[in-house]
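Peer 1: Give the three-dimensional model of this entry:
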Amino acid sequence: MQNENGQNVDLYIPRKCSWTNRLVRAKDHGSVQINVANVDPVTGLYTGESAAFCLSGYIRDKSEGDMAFTALVEAADKKAAESQE
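Peer 2: As a prediction, the model looks like this:
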């Protein structure tokens, strides 16, 4: 819900799993959110920005969390490389 100024005023905004697009419930204690730092390709220094990836407990319970996280980071890296060209 947004107010007249366009600001979010909801008390709770649910997260979605980055791999399966499932909603991550508040009681899903197996879920994780990992922030990956963006690095300048020339200098190799942290740019101050990061990309957040959320994995649900369902994916982690099926032992697919590592594969999903790797694929998400590689896709984000390809997308960033294409946008800089």
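Peer 1: Now for the protein, the helix or strand with the poorest mean pLDDT.
Peer 2: Every helix and strand in the chain was compared by mean pLDDT, DSSP states H and E; the lowest is helix 65-84, with a mean of 89.
Peer 1: Which helix or which strand is home to the most centrally placed residue in the chain?
Peer 2: Central residue of the chain (CA atoms, centre = their mean): Phe53, 2.0 Å from the mean position. Assessed by DSSP states H and E, Phe53 sits inside strand 46-55.
Peer 1: Packing partners of that strand?
Peer 2: The elements that strand 46-55 packs onto, with contact taken as 3 or more CB pairs under 8 Å, 6 or more residues apart in numbering; DSSP states H and E, are strand 32-39, helix 65-84. C-beta coordinates here come from the backbone N, C-alpha and C atoms, glycine included.
Peer 1: wait, which of these is closest to Glu4?
Peer 2: Evaluated over these, closeness to Glu4 peaks at strand 32-39, with 30.7 Å, by CB to CB.
Peer 1: show me where pLDDT drops low in the chain?
Peer 2: Applying pLDDT under 70 to the chain flags the ranges 85.
Peer 1: and the residue nearest to Arg22 when sequence neighbours are not counted, what does it touch?
Peer 2: Taking CB to CB, 6 or more residues apart in numbering, and ignoring the residues beside it in sequence, Arg22 has Ser56 as its nearest neighbour in space, at 5.5 Å. Taking CB atoms under 8 Å, 6 or more residues apart in numbering as the contact definition, Ser56 lies against 17, 19-20, 22, 24, 28, 30-31.
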